[in-house]
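Q: Pasting the sequence and the predicted model now:
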Amino acid sequence: MAGDYDKLRRAHAKISGSMTVTTDAGGKTLVTGKANHTIHIQSVHMQVTTPAADGSWQLIDSATTELTGPAPVDTAGSVFDRDFGSDGAPLTEGADLVFQDTSRATGYLTWEGYLKPSSTMAM
């Protein structure tokens, strides 16, 4: 099963990465989209190190389509894992992957995925 995840990342442009979450709330672009391509997210891992009473973390695309839904950040050590399978959850074509933080919690996140051509390109 894990081989299928790697196979798709090798066949297409790998966009996996990680980020340390700081106290700067707001939206942060994690992966920039590309015209005629779709980002596919295979898995996400978020972990809170310093909690915040209010707010949440979530992944969305730049067209504001929710990928993960809000994850609470009010408990230190809380973990939010989501596995979308080897094909991954597709974002809106051409859209960026965005981390939305409505808190001042700290922690880290990692994601696995790939960027795949999705439309017939003009020749």
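A: Cool, the structure landed. Just so you know, these numbers come straight off a predicted model, no measurement behind them.
Q: For this structure, which strand extends over the most residues?
A: Counting residues, the longest strand found in the chain (DSSP state E) is strand 37-50.
Q: any idea how far it is from the chain center?
A: Remark: strand 37-50 is offset 4 Å from the chain centroid, using CA atoms, centre = their mean, to the nearest Å.
Q: Buried residues, that strand. List them.
A: Buried residues in strand 37-50, defined by neighbour count with 16 or more other CB atoms under 10 Å: 37, 38, 39, 40, 41, 42, 43, 44, 46, 47, 48. Backbone N, C-alpha and C define where each C-beta goes, glycine included.
Q: Tell me which helix or strand comes right after it.
A: Counting by DSSP states H and E, the next helix or strand C-terminal to strand 37-50 is strand 56-61.
Q: Please convert the buried residues of strand 37-50 to a markdown table, extending it with distance to residue 115.
A: Listed next are the buried residues of strand 37-50 as a markdown table, based on distance: CB to CB, whole Å:
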| residue | distance to residue 115 |
| --- | --- |
| 37 | 5 |
| 38 | 7 |
| 39 | 5 |
| 40 | 8 |
| 41 | 11 |
| 42 | 12 |
| 43 | 16 |
| 44 | 16 |
| 46 | 21 |
| 47 | 25 |
| 48 | 28 |
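Q: Looking at the residues you listed, which is nearest residue 67?
A: Nearest to residue 67 among the buried residues of strand 37-50, counting by CB to CB, is residue 41 at 6.1 Å.
Q: okay, and for the protein, where does confidence drop off?
A: Residue ranges of the chain with pLDDT under 70: 1-2, 119-123.
Q: Just the strands from it, written as ranges.
A: Going by DSSP E, the chain shows strands at 13-14, 17-21, 26-31, 37-50, 56-61, 71-72, 79-83, 89-90, 97-101, 106-117.
Q: And the closest residue to residue 97 other than its chain neighbours, how close does it get to residue 7?
A: Nearest residue to residue 97, sequence neighbours excluded (CB to CB, 6 or more residues apart in numbering): residue 31, at 4.1 Å. Note on residue 31: its distance to residue 7, by CB to CB, to the nearest Å, is 20 Å.
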